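Chemist: pasting the sequence and the predicted model now:
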Amino acid sequence: MKTIEQLYDGFYLNKECANTRISGCQTPLRVAPIKIMSKYENLEIDYEHFAFAEKNESWEIEYFHGLKKFLQIEKSDFPPIFIFDNHNHAPIFRHYCIEKSNIKSPSLIHIDQHSDCRENKETLELNSKEDNIEKVFHFYNEKCNVGNFIPPSLESWIISDQIQIRSINALKNLTIEKKQNFILDIDLDFCLNWIDRNNIDPEAVKLLKEKFNEIWKQALCITIATSPYFLDQRIMINLVKNLFS
């Protein structure tokens, strides 16, 4: 089985891949390499390349910068944490952790302003364990966009079910049962004061940090998306610093 570091060595998505098809952009979008470390390290924005593109209200294509490097935080006796930009990378990291564990089809706790459950007509077929991670890697980079990556994970039983946390009240009421097998998935646009990408809701930031500190050690793994389209990445870096402070 290839490692995440071998898969995420820095590459480009061509115009046939799902995130590029959203806008019809002709410029290849860059996917950053991943860096493995034992503790959080400051994130950097990649100002030389674009990670996402979308049409604006005038139907002109706008481009958005993502991260210079993704982070994979590995520390003994703690769940691995992955920090990346576009949210459709999350299932790849989740599947990698599931394959390395004895836990099959955990629940997904999805903290996000969006459901990411739009229709996806593409099907992920998993066969032998040896080729699963590479199949998953290509599927979610090429066949899924940031808004439709959860349904294939449910259909292929990468996850058994999902708990959608889309509001402050829902996060307040989130409780974890003892010995519950779950993956914690956070899109930092949850902290937006809808929908201005520069306007952060302080109450959401405070509650997210409190809940993160309460439950993260119980998770199989944690995936954190910085969402370049929805969230100014300079603000995002401060959010991540706050989360790990």
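Modeler: Structure's in. What do you need?

Chemist: going forward, measure contacts and count neighbours with C-alpha atoms only.
Modeler: OK.

Chemist: show the pLDDT at residue 133.
Modeler: pLDDT, residue 133: 88.

Chemist: can I assume it sits in a strand?
Modeler: No - using DSSP: H, G, I helix; E, B strand; the rest coil, the secondary structure at residue 133 is helix, not a strand.

Chemist: so it makes contact with residue 96?
Modeler: Yes - Residue 133 is within contact range of residue 96, at 6.4 Å (criterion: CA atoms under 8 Å).

Chemist: mean confidence score for stretch 48-64?
Modeler: Summarised as a single mean, pLDDT over stretch 48-64 is 92.

Chemist: please apply the same query to stretch 199-213.
Modeler: The pLDDT scores in stretch 199-213 average 94.

Chemist: and that stretch, which residues are buried?
Modeler: 200, 204-205, 207-209, 212 (16 or more other CA atoms under 10 Å).

Chemist: and the contacts of it?
Modeler: With contacts defined as CA atoms under 8 Å, 6 or more residues apart in numbering, stretch 199-213 is touched by 168, 171-172, 190-193, 239, 242-243.

Chemist: save the buried residues of stretch 199-213 as a markdown table, and put in distance to residue 57 too.
Modeler: Below are these laid out as a markdown table (distance: CA to CA, whole Å):
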| residue | distance to residue 57 |
| --- | --- |
| 200 | 22 |
| 204 | 28 |
| 205 | 29 |
| 207 | 33 |
| 208 | 31 |
| 209 | 34 |
| 212 | 35 |
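
Chemist: narrow the contacts of stretch 199-213 to just the buried residues.
Modeler: Going by neighbour count (16+ other CA under 10 Å), the contacts of stretch 199-213 have 168, 171, 190-192, 239 buried.

Chemist: residue 101: which of these is nearest?
Modeler: Taking CA to CA as the measure, residue 101 sits nearest to residue 171 out of the buried ones among the contacts of stretch 199-213, at 27.3 Å.

Chemist: and that closest one, how close does it get to residue 31?
Modeler: 30 Å (CA to CA, to the nearest Å).

Chemist: tell me where the model's unsure across this protein.
Modeler: 128-131, 194-197 (pLDDT under 70).

Chemist: residue most distant from the centroid, it?
Modeler: Computed with CA atoms, centre = their mean, the residue of the chain farthest from its C-alpha average is residue 58, at 28.4 Å.

Chemist: how close does that residue get to residue 19?
Modeler: For residue 58, the distance to residue 19 - CA to CA - is 20 Å.

Chemist: next: residue 125.
Modeler: 21 Å.

Chemist: so the two - more neighbours on which side?
Modeler: Neighbour tally, residue 125 and residue 19, criterion other CA atoms under 10 Å: the higher count belongs to residue 19, 27 against 12.
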